[in-house]
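Participant: coordinates only, no sequence provided:
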């Protein structure tokens, strides 16, 4: 039996198959490095959010739950050190120093920009401003924290 030359259609289909294979090889698979970085960012953001929530459950001012950073206090010191019931980080000088916390050992590193800093928005702001200059942006008026990634809104 004699072999025949491939038809134009067969050559075209072979070329399209090779091009599709090359394209699929260039697409990152689920669970690849990009997905791992996203998961790390989400995990660290959840760690921060849980610490802020636990702080608010332990602290009260004027009969209301208190978010870190309210009342002019430094939220980093409040989350990483001992605090009194009213959220103060300084000792009262009296004997009513039943301390709470710390809620974190340190502020976690944002894996996207490599920064482990927390920028606190002014207390009258309810929305974050993303500059990319810190690891995280915290809004004390709402108790919400976000990764400080420029271009987010």
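Facilitator: Yep, it's here. All values reported here derive from a predicted model rather than from experimental measurement.
Participant: closest to the centroid, which residue in the protein?
Facilitator: Closest to where the C-alpha atoms of the chain average out (C-alpha atoms, centre = their mean) is residue 45, at 3.1 Å.
Participant: in a helix, it, correct?
Facilitator: Yes - the assignment for residue 45, made by DSSP: H, G, I helix; E, B strand; the rest coil, places it in a helix.
Participant: so for the spatially closest residue to it that is not a sequence neighbour, what's the pLDDT?
Facilitator: Excluding the flanking residues, the one nearest residue 45 by C-beta to C-beta, 6 or more residues apart in numbering is residue 147, at 6.2 Å. Where C-beta positions appear, they are placed from N, C-alpha and C, glycine not excepted. The model reports residue 147 with a pLDDT of 96.
Participant: same deal with residue 52?
Facilitator: On pLDDT, residue 52 comes in at 96.
Participant: elements contacting the helix or strand it falls within?
Facilitator: Element membership for residue 52 (DSSP states H and E) is helix 33-58. Under the contact criterion of 3 or more C-beta pairs under 8 Å, 6 or more residues apart in numbering; DSSP states H and E, helix 33-58 touches helix 75-80, strand 136-139, strand 144-147.
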